[in-house]
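Peer 1: Predicted model, plus sequence, below.
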Amino acid sequence: MAKHPISTLLRAPAGPIDLFGVDTRATPGFKKGKTAAKEAHAQLAERVSALQEQLYAEGRKGGTRSVLLVLQGMDTSGKGGTVRHVVGQCDPAGLHIARTINRFEEELVAGGTCVVKCFLHISAEEQRARLLARLDDPTKRWKYRPGDLEDRALWGDYMAAYADAIERCNTEAAPWHIVPADRKWYRNWAITRLLIEQLEDMALRWPEPDFDVDEERRRLQAIP
């Protein structure tokens with residue numbers, strides 16, 4: 001477990017961003033290995049699920065707060081995997097998956113939405129390995145897009161553009177977090193921790209019922 005908030009360890013620094021200077025295989029906040037991370041992630045899954053249910057219950061009773069998770073990164077960086085392994089732990093009844101743009105962020109935050117922005121940072125070498133894995137596996141070839149090679153040729157340009165976007169939109173209201181994503185197990189653990197920290201900061205409470213519990217219990221027991 002991280003001694004310091006993962007949101008602090010992964011938060012993008014103020015000022016110019018050098019993505020080439022960020023180790024894509026680093027594991028900030030977690031010093032053990034893959035097996036330990038999977039075990040820890042399983043425990044975190046229960047916590048994030050309970051917190052998300054509390055948030056959903058609050059909304060059903062008139063609450064207006066919500067959490068928006070923004071994922072950005074090169075192809076194969078793990079956006080789909082994050083949705084499956086992190087967001088997939090939550091009750092789908094309380095989820096809405098979409099895309100958004102930065103100009104709405106301040107309005108979202110002012111309206112009670114906690115914005116969690118994550119840049120899934122992988123290396124060109126790791127992307128090559130993942131693209132080759134898609135070509136080697138007949139069940140994953142549908143994911144391969146020939147145009148990805150054109151994007152790879154512009155890797156430096158993409159990193160510069162991402163760095164510029166992160167710097168310009170790294171606000172106090174909606175800060176960016178740079179998540180090393182070469183290790184999938186760390187990516188999943190870190191983003192789950194991020195969501196838990198944000199949800200816990202909301203001090204969620206189960207809503208009080210708008211009916212007499214004892215009376216409803218009596219009525220229920222009276223029905224054969």
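Peer 2: On my side now, so go ahead.
Peer 1: going forward, measure contacts between C-alpha atoms and count neighbours the same way
Peer 2: Noted.
Peer 1: which helix in this structure runs the most residues?
Peer 2: Of all the segments assigned as helix in the chain under DSSP state H, the longest by residue count is helix 34-60.
Peer 1: can you tell me which residues contact the residue most central in space within the chain?
Peer 2: Nearest to the mean C-alpha position of the chain, by C-alpha atoms, centre = their mean, lies I191 at 4.5 Å. I191 is in contact with 86, 118, 179, counting by C-alpha atoms under 8 Å, 6 or more residues apart in numbering.
Peer 1: related to what we said a few turns ago, average pLDDT for the longest helix of the chain?
Peer 2: The predicted model gives helix 34-60 an average pLDDT of 90.
Peer 1: Show the subsequent helix or strand relative to the lowest-mean-pLDDT helix or strand in the chain.
Peer 2: The helix or strand of the chain with the poorest confidence is helix 79-85; it has a mean of 80 (mean pLDDT, DSSP states H and E). Beyond helix 79-85 on the C-terminal side, the first helix or strand identified by DSSP states H and E is helix 105-110.
Peer 1: Show me what the least confident helix or strand of the chain packs onto, helices and strands only.
Peer 2: Contact partners of helix 79-85 among helices and strands, from 3 or more C-alpha pairs under 8 Å, 6 or more residues apart in numbering; DSSP states H and E: helix 184-201.
Peer 1: gap between the helix it packs on and the chain center?
Peer 2: Centre-to-centre, helix 184-201 and its host chain are 7 Å apart (C-alpha atoms, centre = their mean, to the nearest Å).
Peer 1: Next, the angle helix 34-60 makes with that helix.
Peer 2: Taking axes from the mean of the first three to the mean of the last three C-alpha atoms, to 10 degrees, helix 184-201 and helix 34-60 form an angle of 30 degrees between their directions.
Peer 1: in helix 184-201, what counts as buried?
Peer 2: When burial is assessed from 16 or more other C-alpha atoms under 10 Å, helix 184-201 yields the following buried residues: 184-196, 198-199.
Peer 1: My read is that C169 contacts P175, right?
Peer 2: Yes - under the criterion of C-alpha atoms under 8 Å, C169 lies in contact with P175, with a separation of 7.3 Å.
Peer 1: following the strand ranked longest in the chain, which helix or strand comes up?
Peer 2: If each strand of the chain is counted by residues according to DSSP state E, the longest one is strand 113-121. As assigned by DSSP H and E, the chain's next helix or strand after strand 113-121 is helix 124-136.
Peer 1: what sits up against that next one?
Peer 2: 75-77, 140-141, 143-144, 152, 155, 182.
Peer 1: Alpha carbons of it, in CSV - could you do that?
Peer 2: The C-alpha trace of helix 124-136 is given here as CSV (Å, rounded to 0.1, in the frame of the first residue of the first chain):
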residue,chain,number,x,y,z
ALA,A,124,7.5,2.9,-28.0
GLU,A,125,9.2,-0.4,-27.2
GLU,A,126,6.3,-1.7,-25.2
GLN,A,127,3.8,-0.6,-27.9
ARG,A,128,5.8,-2.5,-30.5
ALA,A,129,5.6,-5.6,-28.3
ARG,A,130,1.8,-5.2,-27.9
LEU,A,131,1.3,-4.7,-31.6
LEU,A,132,3.3,-7.8,-32.4
ALA,A,133,1.3,-9.7,-29.9
ARG,A,134,-1.9,-8.7,-31.7
LEU,A,135,-0.5,-9.9,-35.0
ASP,A,136,0.7,-13.2,-33.4
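Peer 1: List the contacts of the helix or strand that comes right after it.
Peer 2: Per DSSP H and E, the first helix or strand lying C-terminal to helix 124-136 is helix 147-153. Applying C-alpha under 8 Å, 6+ apart, the external contacts of helix 147-153 come out as 75, 124, 158.
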